[in-house]
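**Q** I would like the atomic coordinates for the input below:
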Amino acid sequence: MKTKPWLLLPLIALLLFVNGASVANDQAQLTAQEQKVIDYLVKDWGEDYNVTSVDIAMNAVKVEASDEARFRIGSYIKDHPELHEVIRRWGWVTLVLTPHEKLIARALINAEREGKPAPSLSELASAVGIKEPDVKRGLAMLERYEILKKNTSANGGYRVMPRYIKWEPRLDFVFHKVSLDSGRQFNTN
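**A** Numbers count the residues shown, from 1 in each chain. So this is what the prediction gives:
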């Protein structure tokens, strides 16, 4: 069957329209405040060799911090690596998790990698230096991002998703917070 050239133009136009609508729909899922955080991050990433995270950006642009807003912003970053080279180079996890969530993940990954039992809530709280309710919130976010999954065994707890256990060099969980005298804060690896 021979393709008629005049049919290609409408088909291409339709594909461009659908793709444009998809991008507009993605941005419509973010509130104006959340888009403000994305705009800040895209402008800030790479300046001073930084990999500024969502929590720091929310604070910088004075957007009320909530796990739900962080999750929407983080999911957007995860789904749009084309936004900036920093996402592709360091990984979305580096940018969307808080320092406490990274430390919780690291503790669970290290225990599982070494064949040890997963640390309890109190052990995680002590290791990370936070209270147990904050550990629970961190675990919930790590589960939402599909880094952990609930363990269905009788012991309960969480299991690390397989792709994170042998992940080399695991840079997504390495971070350093820098605070300048001017008040500007950012992360660097």
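
**Q** ok, which stretches of this structure are helices?
**A** 5-28, 32-44, 54-60, 67-79, 85-90, 92-96, 99-113, 121-128, 132-144, 162-165 (DSSP state H).

**Q** Which one of those lies nearest to Ser153?
**A** helix 99-113 (13.1 Å; C-beta to C-beta). Every C-beta, even on glycine, is put in place using the N, C-alpha and C of the backbone.

**Q** Okay, now the unreliable bits of the chain?
**A** Residues of the chain that meet the criterion pLDDT under 70 lie in 1-28, 154-156, 167-175, 187-189.

**Q** export the helices of the chain to TSV and tack on mean neighbour count?
**A** Compiled in TSV, those are given as follows (neighbours: other C-beta atoms under 10 Å):
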stretch	mean neighbour count
helix 5-28	10
helix 32-44	17
helix 54-60	22
helix 67-79	18
helix 85-90	17
helix 92-96	23
helix 99-113	20
helix 121-128	16
helix 132-144	18
helix 162-165	14
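
**Q** Export these to TSV and append columns for distance to His176.
**A** Shown next, in TSV, are the helices of the chain (distance: least, C-beta to C-beta, whole Å):
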stretch	distance to His176
helix 5-28	31
helix 32-44	16
helix 54-60	12
helix 67-79	20
helix 85-90	12
helix 92-96	11
helix 99-113	9
helix 121-128	16
helix 132-144	19
helix 162-165	21
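
**Q** Arg184 is nearest to which of those helices?
**A** Comparing the helices of the chain by C-beta to C-beta, helix 54-60 comes nearest, at 7.8 Å.

**Q** So which other helices or strands are in contact with that closest one?
**A** If you count contacts as 3 or more C-beta pairs under 8 Å, 6 or more residues apart in numbering; DSSP states H and E, helix 54-60 packs onto helix 32-44, helix 67-79, strand 185-188.

**Q** ok so, going back, let me know which of the helices of the chain is the nearest to Gly183.
**A** helix 54-60 (9.2 Å).

**Q** hmm, back to that, which among the helices of the chain is found nearest to Thr152?
**A** Smallest distance to Thr152 across these (C-beta to C-beta): 13.1 Å, for helix 132-144.

**Q** With just CA atoms, put the closest one into CSV.
**A** Extracted as CSV, the C-alpha positions of helix 132-144 are listed here (Å, rounded to 0.1, in the frame of the first residue of the first chain):
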residue,chain,number,x,y,z
GLU,A,132,10.1,8.0,64.9
PRO,A,133,7.1,9.9,63.4
ASP,A,134,9.5,11.6,61.0
VAL,A,135,11.1,8.2,60.1
LYS,A,136,7.6,7.0,59.3
ARG,A,137,7.0,10.0,57.0
GLY,A,138,10.4,9.4,55.4
LEU,A,139,9.6,5.7,54.8
ALA,A,140,6.2,6.7,53.3
MET,A,141,7.9,9.1,50.8
LEU,A,142,10.5,6.5,49.9
GLU,A,143,7.7,4.0,49.2
ARG,A,144,5.8,6.6,47.1
